Structures are given as structure tokens and as C-alpha cells.
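> what's the 3D shape of this:
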Amino acid sequence: MMKLTEFVIRDAILPNIKSSAKEEVIREMVASLKASGAIKAADEEAVVAAILKREELGSTGIGNGVAVPHTKHASVEKLSATVAISRNGVDFASLDGEDVFILFLLVSPPDRPGDHLRGLENISRHLRSQDFCNFLKQSSTTADIWDLLAEADDGDRDA
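Residues are numbered from 1 along each chain as shown. A predicted model of the protein is given here:
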């Protein structure tokens with residue numbers, strides 16, 4: 001079982017994302033992955049473009065105040081993700097028409113489709129938990145969010 005703390009980049013977590021527009025939020029999250037060293041600066045625009053292209057196929061706003069934008073891109077060597085919390089909500093053209101408050105953004109290497117799917121599965125399984133989502137929304141620091149991810153991982157071990 002893949003753990004959230006194995007692919008979420010701690011230094012890229014955004015506990016209080018400012019943007020309220022979909023593209024700006026995606027840009028902010030990709031920039032945080034770049035700042036953490038998970039994505040090379042030269043690849044930042046290409047990764048943003050790939051995620052926006054994926055969004056054109058259908059919103060990754062899955063409902064319940066959650067979105068999981070993702071893409072496969074050759075610029076990363078391993079599955080890398082970040083988490084962002086929006087206090088005011090983001091219009092993500094979600095399936096339920098509601099604003100998004102919790103965002104997980106994933107980028108994975110094209111030659112590792114299994115990792116990509118396992119990462120998405122792991123995230124969506126935790127996001128189905130109302131408690132997990134409520135605690136995430138209340139988290140105000142990177143440390144709070146990281147502790148919550150680690151706790152979720154520990155819960156996986158107990159399952």
C-alpha cells in the first residue's frame with residue numbers, strides 16, 4: 001500500500017492558498033512543487049499546461065469540496081504531490097457545482113502508470129472520509145496537514 005507521506009512533498013504543502021480561480025490555483029500548486037525541488041523550473045509551464053489540458057477532459061473537482069488535479073509528465077522521476085487548502089473556496093467546475101476547499105495535485109512519470117493510479121486511489125479513499133476532510137479544512141499549518149497525512153497512513157496500516 002502506497003502511503004500519502006511517500007509521495008506528498010512536505011515542503012510543497014500550501015495550508016492557505018490565496019488564488020480563487022482554477023488556473024491560478026493549479027499554477028500556485030505547481031510553483032510550490034518547483035520551489036520544493038520536485039519539478040525543475042524549466043518544466044513548470046509544461047506541467048501546468050499538461051494539468052490544464054487534463055482538466056479540459058473533465059473537471060477533477062470530484063465533489064464534496066475536493067479536487068484532485070493530476071497529470072503524467074516526463075519531468076518527474078517519481079510520483080510527486082502537494083496539498084492545498086483554500087479558506088474561501090475555488091470554482092473548479094466540480095461535478096456537484098460546489099466550490100473546492102481541499103486540493104491534491106499529482107504529477108507522475110509517464111512510464112509509471114501504476115504509481116499514478118495507486119496515488120489517486122489512496123487520495124480518493126481518504127477523501128471519502130468526512131472526518132479526514134474536516135480535519136484537513138481546519139489545518140492551518142504545513143505541520144498540521146503533514147501530521148494528518150501521517151495519521152491517515154497509520155490508519156491504513158491498522159486496516
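> Just give me the longest helix of the protein.
Assignment by DSSP state H gives helix 142-158 as the longest helix of the chain.
> I'd like to know how many residues surround residue 46.
Residue 46 is flanked by 16 other residues according to other Cβ atoms under 10 Å. For glycine as for every other residue, the C-beta is placed from the backbone atoms N, C-alpha and C.
> Strands of this protein, start to end?
14-17, 61-63, 66-67, 70-72, 80-90, 100-108 (DSSP state E).
> Among these, show the one with the smallest mean pLDDT.
Lowest mean pLDDT within the strands of the chain: strand 61-63, a mean of 91.
> Now the strands of the chain in a markdown table, please, with extra columns for mean neighbour count.
As requested, these are exported to a markdown table (neighbours: other Cβ atoms under 10 Å):
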| stretch | mean neighbour count |
| --- | --- |
| strand 14-17 | 18 |
| strand 61-63 | 19 |
| strand 66-67 | 26 |
| strand 70-72 | 21 |
| strand 80-90 | 21 |
| strand 100-108 | 25 |
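> for these, which one sits closest to residue 148?
strand 80-90 (9.2 Å; Cβ to Cβ).
> Are there helices or strands packed against the closest one, and which ones?
Applying 3 or more Cβ pairs under 8 Å, 6 or more residues apart in numbering; DSSP states H and E, one finds that strand 80-90 contacts strand 14-17, helix 22-35, strand 100-108, helix 130-138, helix 142-158.
> any residues touching that strand, and which ones?
The set of residues external to strand 80-90 that reach it, using Cβ atoms under 8 Å, 6 or more residues apart in numbering, is 7-9, 12-17, 19-22, 25, 28-29, 32-33, 36, 38-39, 65, 67, 99-108, 119, 123, 136-137, 139, 145, 149.
> go again using 7 Å as the cut-off
For strand 80-90, the external contacting residues (Cβ atoms under 7 Å, 6 or more residues apart in numbering) are 7-9, 12-17, 20, 22, 25, 29, 32-33, 38, 99-107, 119, 136-137, 139, 145.
> Quick one: low-confidence residue ranges for this protein.
Applying pLDDT under 70 to the chain flags residues 157-159.
> Can you tell me which residue is spatially central in it?
For the chain, the residue nearest the mean C-alpha position is residue 104 (1.4 Å; Cα atoms, centre = their mean).
> correct me, but that residue touches residue 123?
Yes - with contact defined as Cβ atoms under 7 Å, residue 104 reaches residue 123; the gap is 4.9 Å.
> Lovely, talk soon.
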